[in-house]
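Q: my questions concern the predicted model and sequence given below.
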Amino acid sequence: MATERLKFKVELYATMWDLPPHAEILIDDVSHFKGDITSSEENPTVIEFTHEFDEGSSHTLNIKRSNKGNNQTKIDDKGNVIKDQLLHIKNIEIDEIDIGALIYEGFYVPEYPEPWATQQREKGNELPVKFKSVVCMGHNGKWHLDFDSPFYMWLLENLY
């Protein structure tokens, strides 16, 4: 079976005031990076790695976001968020190709904190299971981008 080796370049940055968000980048279940993200939008953390794929198979690029406790969001007496901890995806390149707007084909599955999630549901607010077109992760959770190998065929099929 034919294989292809792809180079990934993922740029992440944080909005934080106290503790940094933690990120883990995986292809399927294989981890390629684990670490705190303390960088800014102007100077993002750049994570580069390669991964080998069997052609004719489907895969997922995962960015797992963690390290946010309930104390990392500060709200004023009017209910406005005044301090928060966020993880942002600035850019993704695969095999030196900026995937551009395809980044918005990814989806984010948040892990809602308790007791907040229960309080929201009791107020009648339905919490979405997943969000599409999200590159800013406020809650702990996982961002997914599904793609196929060969990558260039998938890219051509999904550009427009």
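A: Now that the structure is in, tell me what you want to look at.

Q: three-state assignment of Tyr152?
A: Following DSSP: H, G, I helix; E, B strand; the rest coil, Tyr152 is assigned to helix.

Q: that one: what's it in contact with?
A: Neighbour list for Tyr152: Asp95 [criterion: Cβ atoms under 8 Å, 6 or more residues apart in numbering]. Every residue, glycine included, has its C-beta placed from N, CA and C.

Q: so where's the longest strand in this structure?
A: Identified as the longest strand of the chain according to DSSP state E is strand 3-15.

Q: state the mean pLDDT of the next helix or strand after that one.
A: Per DSSP states H and E, the first helix or strand lying C-terminal to strand 3-15 is strand 22-27. The pLDDT scores in strand 22-27 average 98.

Q: past strand 22-27, which element shows up next along the chain?
A: Next along the chain from strand 22-27, counting by DSSP H and E, comes strand 30-36.

Q: next, the buried residues of whichever helix or strand comes after that following strand.
A: The first helix or strand that comes after strand 30-36 along the chain, using DSSP H and E, is strand 45-54. For strand 45-54, the neighbour count (16 or more other Cβ atoms under 10 Å) marks Thr45, Ile47, His51, Phe53 as buried.

Q: same deal with stretch 127-140?
A: Val134, Val135, Met137, Gly138, His139, Asn140.

Q: of these, which pair is most distant in space?
A: Among the buried residues of stretch 127-140, the pair separated by the greatest distance (Cβ to Cβ) is Val135 and Asn140, at 16.1 Å.

Q: a helix runs through Leu155, doesn't it?
A: Yes. Assignment of Leu155 by three-state DSSP places it within a helix.

Q: kindly state the beta-bridge partners for the nearest residue to it once chain neighbours are set aside.
A: Using Cβ to Cβ, 6 or more residues apart in numbering and skipping the chain neighbours, the partner closest in space to Leu155 is Ile97 (6.9 Å). Counting by DSSP bridges, Ile97 forms beta bridges with Ile94.

Q: from Phe49, how far off is Ile97?
A: Using Cβ to Cβ, to the nearest Å, Ile97 is found at 16 Å from Phe49.

Q: now stretch 89-99 - C-alpha only, PDB.
A: Extracted C-alpha coordinates of stretch 89-99, given in PDB (Å, rounded to 0.1, in the frame of the first residue of the first chain):
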ATOM      1  CA  ILE A  89      -5.800  28.700  16.100                       C
ATOM      2  CA  LYS A  90      -4.100  31.300  14.000                       C
ATOM      3  CA  ASN A  91      -3.000  29.200  11.000                       C
ATOM      4  CA  ILE A  92      -2.500  25.600   9.700                       C
ATOM      5  CA  GLU A  93      -0.300  24.500   6.900                       C
ATOM      6  CA  ILE A  94      -0.200  21.000   5.600                       C
ATOM      7  CA  ASP A  95       2.700  20.100   3.300                       C
ATOM      8  CA  GLU A  96       3.600  23.800   3.100                       C
ATOM      9  CA  ILE A  97       0.200  24.700   1.900                       C
ATOM     10  CA  ASP A  98      -1.800  27.200   4.000                       C
ATOM     11  CA  ILE A  99      -5.300  25.500   4.200                       C
END
